[in-house]
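Chemist: What shape does this take:
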Amino acid sequence: MFTATYPASFLPEKNGNGFHVRFPDLPEALTGGTDLTDTQDQAADCLAEALAGRIVRGDAIPDPSKLKRGQYSVSVPLYLAPKLALYLAMRDSGLRNTDLAKRLSVSETVVRRMLDPKHNTKPERIQAALAVLGKRIVVSFDDAA
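Modeler: All right, here's what the predicted structure looks like:
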């Protein structure tokens with residue numbers, strides 16, 4: 001099971017005002033914030049942009065490493081998680097957009113839009129695509145940190 005949560009290091013700025021953030025699994029994902037709440041918000045946005053960029057470029061998505069002492073857990077935003085799941089399932093199966101389109105009886109453009117992080121895709125459409133790939137999304141929730 002893939003858990004869409006990545007560890008991040010929130011490092012205090014030298015001047016004591018705010019934090020800068022690094023994701024060990026995604027070296028391109030760097031951001032910062034003025035206080036802890038702002039830093040958490042900025043980290044979630046940064047994570048989403050780093051993963052979206054990898055999806056758009058067709059790059060590999062690393063599995064999240066284990067949370068280490070002093071790190072914060074940052075979840076993939078809800079709007080991106082289903083698209084990430086579909087992208088990973090397609091990569092794992094070796095299926096191309098055109099192959100999935102045939103299985104779903106839709107055009108390749110529809111599949112491309114399902115994978116586009118900026119396109120608003122109905123969750124039911126992504127669920128159907130995942131089902132064709134033998135996958136499903138499981139939703140869980142827990143207490144906020």
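Chemist: Check this structure for me, the residue farthest from its geometric middle.
Modeler: Note on the chain: the largest separation between a C-alpha and the mean C-alpha position, by CA atoms, centre = their mean, falls on residue 15 (31.6 Å).
Chemist: Could you pull up the residues touching it?
Modeler: When contacts are counted by CB atoms under 8 Å, 6 or more residues apart in numbering, residue 15 touches no other residue. Where you see a C-beta, it was placed from the backbone N, CA and C, and this is true even at glycine.
Chemist: what's the answer for the one 4 residues further on, then?
Modeler: By CB under 8 Å, 6+ apart, residue 19 lies in contact with 10, 11, 12, 13, 32, 33, 36, 39.
Chemist: so how far is residue 77 from it?
Modeler: Distance of residue 19 to residue 77, given as CB to CB, to the nearest Å: 20 Å.
Chemist: Quick check: residue 20 vs residue 42, distance?
Modeler: Distance, residue 20 to residue 42, by CB to CB: 10 Å.
Chemist: Could you count how many residues lie near residue 71?
Modeler: 17 (other CB atoms under 10 Å).
Chemist: partners of it in the sheet?
Modeler: With DSSP bridges applied, residue 71 shows beta-bridge pairing to residue 9.
Chemist: Start from the N-terminal end of the chain and give the strands.
Modeler: With strands called from DSSP state E, the chain shows them at 5-12, 19-22, 30-33, 71-75.
Chemist: Give the residue spans of this structure that score low on pLDDT.
Modeler: Where the chain drops to pLDDT under 70, the residues are 1, 145.
Chemist: Show me it divided up by domain.
Modeler: 5-75, 81-132 (automatic domain parsing).
Chemist: want to throw those into TSV with distance to residue 139?
Modeler: Supplementary listing: the domains of the chain in TSV, determined by distance: least, CB to CB, whole Å:
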stretch	distance to residue 139
domain 5-75	12
domain 81-132	9
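Chemist: what's the closest of these to residue 144?
Modeler: Using CB to CB as the measure, domain 5-75 is the one of those that comes nearest residue 144, at 9.8 Å.
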